[in-house]
Each structure stands twice: as C-alpha cells, then as structure tokens.
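K.L.:
I would like to see how this sequence folds:
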Amino acid sequence: MKSSARFYVWWPNLLRDVENFVKKCESCQKFGPKEPETPLYCWDIPDYLWERFHIDFAGPFDDRYWLVVVDAYSKWMEIEPVASTSSSNVIRVLDSCFACYGVTKTIVSDNGTCLTSEEYANFCHQR
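P.N.:
Prediction:
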C-alpha cells in the first residue's frame, strides 16, 4: 500500500500517515496479512549425507505422479515417475535410494495415506 501511495502522490510524512490510516482501518485489520497461526519450524542441519530426507509426490503430470526425495544435507534430489501414489511404489523407490545411498536415519513426509499405511510402516521398521 505504501509503495502504491508513493507512486501516485507525495507529501511530507506520507508513509507515517499511511501506516496510521491502516492501523485505524477496520477492514484493513480484518482482511490484511496475518501472522501464521502455527510458528514455522526450522529443521536442524544434518551431520552427513542422507541422514534425513524429505519425500512427497508431485502431480499428476502426463498421467503419472512423481515421487520427489530430497536429501536435507546436500539438497540432492531423486525424482522417480510412478503410476500411482501407492505404498508399494514408495517402497520400490526408497529401496533404490537405500541401495545407492544407504539407509537413512529420518524420513520426513506430509503423512499422506501411502506414507501412513501398515505396509509402509513394516518396510520402515525392517530397515
């Protein structure tokens, strides 16, 4: 709002006047930007490669999904096309990642259905 005001008009103390107006404006307070209800969480930096990785699905694009696996230490990504967001597809991709990089200590996800299934939980406990 301040930049818009500066673009069209100017007078001494314009920015202060705009701030005061917005503070007193009921609609501005009701519909203006708000602080997030939940504080943001900053992850600790891992000590080594593939100690922790984050996984999620993207898509569908071109009739398939993409499983994205990101190493939290290096930011290296493994992206695999999969036919569906099933637990078996996740397990197949993670087995491939584990074969290349070793078994991780922590997997972070959004707790999608395929990542909370009994099949996926058994897979994780076996590792």
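K.L.:
now Phe123: which helix or strand?
P.N.:
If you go by DSSP states H and E, Phe123 is part of helix 118-126.
K.L.:
that helix - what's its average pLDDT?
P.N.:
Regarding helix 118-126, the rounded mean pLDDT is 93.
K.L.:
which residues are contacting that helix?
P.N.:
Contacts with helix 118-126, where a contact means CB atoms under 8 Å, 6 or more residues apart in numbering, come from 87-88, 90-91, 94, 107, 114. All C-beta atoms are positioned from the backbone trio N, CA, C, and that covers glycine.
K.L.:
output it in CSV, but only the C-alpha positions, please.
P.N.:
Once non-C-alpha atoms are left out, helix 118-126 reads as follows in CSV (Å, rounded to 0.1, in the frame of the first residue of the first chain):
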residue,chain,number,x,y,z
GLU,A,118,0.8,-50.7,7.6
GLU,A,119,2.8,-51.8,4.5
TYR,A,120,5.0,-48.7,4.7
ALA,A,121,5.4,-48.9,8.5
ASN,A,122,6.5,-52.5,8.2
PHE,A,123,9.0,-51.5,5.5
CYS,A,124,10.5,-48.7,7.7
HIS,A,125,10.7,-51.0,10.8
GLN,A,126,12.6,-53.7,8.8
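K.L.:
nothing else from me, thank you.
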